[in-house]
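In: Give me a model of this one.
(one chain, ligands or ions: 2)
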Amino acid sequence: MPMLKRAGLFLCAFAKRLYAILGEKRCRVCGAPCPPGDAIPLCPECAAGLTPVPYDFCPCCGQRVRKNDARRFFCRDCLLHPPPWQEIYFFGPYERILRELLVCFKFSGDLAAGQLVGMLLAQSMPESFYGSPHILVPIPLSKKRLRERGFNQALELARPVVRRFSFPLVPKALTRIRDTLPQSILDSRERRINVAGAFAADADAVAGKHVLLLDDVMTTGATMREAAATLLAGGAASIGVLLAARTLKNETGHAN
Ligand SMILES: [Zn+2]
Ligand SMILES: [Zn+2]
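Out: Numbers count the residues shown, from 1 in each chain. Ligands and ions are numbered 1, 2, ... in the order given. Next up, the predicted model:
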């Protein structure tokens, strides 16, 4: 076989192999091949571990409660200290595969993992959350944290949600006006102090609006309470909370 033809055949085979590798979808968590045409690159085994909210939860804070008809009752904490939002939805508890995806996303900069979680969140959202939101606002990072990380995880999670529902995404409605310590290294009292006065709302953007606040993970809810209170003080009519994950009680996590 002439040298040129052999080289051509080799290049053709190489291109085909490259195309097969690049074109083949691989599970974001374990690397197994994914079924063709599947919109979310997740193998069936890992997908089975990602079920939305698999327990009874308080409709106010998302914390696990024991009663079977829990959706009708607030937990004790929420009865004693009602949060400033009127509804909450999250994809699942901050554990196992969901936690793995969020850690890859937030701490290793795996934006595809974040996009996947955002898509799962958007696809599982109940009608009350896409029926009448006025604006969607991701919890902002400080300028310093944004520089360090290179992206705001809440804003990245919001993108698949707005692609699906066409909500107006208004990141500038809320800004972080000072840097804070990472909440994950603090106890619940310190978390409240750490975020006190950390946000400012744009009154023009939020006045009279129902604001759907989005964050990746919620643990004690201190960041979310402060952000929601700031928006209400800035003239927002009401607040809903949308999360990728909720940390269960007695767990520590990389939460805000
Ligand atoms: Zn997998
Ligand atoms: Zn509660």
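
In: residues in the chain within reach of ligand 1, list them.
Out: By the criterion of Cβ under 5 Å from the ion, the positions of the chain lying close to ligand 1 are C27, V29, C30, A32, C43, C46. In short, each C-beta sits where N, CA and C put it, glycine included.

In: One more pass at 8 Å, please.
Out: Counting by Cβ under 8 Å from the ion, the positions of the chain adjacent to ligand 1 are C27, R28, V29, C30, G31, A32, L42, C43, P44, E45, C46, A47.

In: Can you tell me which of the residues you listed are classed as buried?
Out: C27, R28, V29, L42, C43, C46, A47 (16 or more other Cβ atoms under 10 Å).

In: State the pair within these that is farthest apart.
Out: Farthest-apart pair in these is R28 and A47; separation 10.5 Å (Cβ to Cβ).

In: Helices along the stretch 151-256 of the chain, start to end?
Out: Residue ranges of the helices in the stretch 151-256 of the chain, as given by DSSP state H, counting those that start in this stretch, are 153-165, 188-195, 203-206, 222-233.

In: ok, so what distance separates the nearest residue to A32 once chain neighbours are set aside from Q63?
Out: Excluding its sequence neighbours, the residue lying closest to A32 (Cβ to Cβ, 6 or more residues apart in numbering) is C43, at 4.1 Å. Distance, C43 to Q63, using Cβ to Cβ, to the nearest Å: 31 Å.

In: likewise G235?
Out: Using Cβ to Cβ, G235 is found at 29 Å from Q63.

In: what's the answer for P93, then?
Out: Counting by Cβ to Cβ, the gap from P93 to Q63 is 10 Å.

In: Now list whatever residues contact both of the two.
Out: R246, L248 (Cβ atoms under 8 Å, 6 or more residues apart in numbering).

In: returning to that earlier point: out of the helices of the stretch 151-256 of the chain, which gets nearest to ligand 2?
Out: helix 222-233 (12.1 Å; Cβ to the ion).

In: And the closest one, what does it pack against?
Out: In terms of contacts (3 or more Cβ pairs under 8 Å, 6 or more residues apart in numbering; DSSP states H and E), helix 222-233 is packed against strand 174-176, helix 188-195, strand 199-201, strand 210-218, strand 238-246.

In: between these, which gets the lowest average pLDDT?
Out: Sorting the helices and strands packed on helix 222-233 by mean pLDDT places helix 188-195 lowest, at a mean of 83.

In: Report the distance from that helix to the chain centre.
Out: Helix 188-195 sits 21 Å away from the centroid of its parent chain (Cα atoms, centre = their mean, to the nearest Å).
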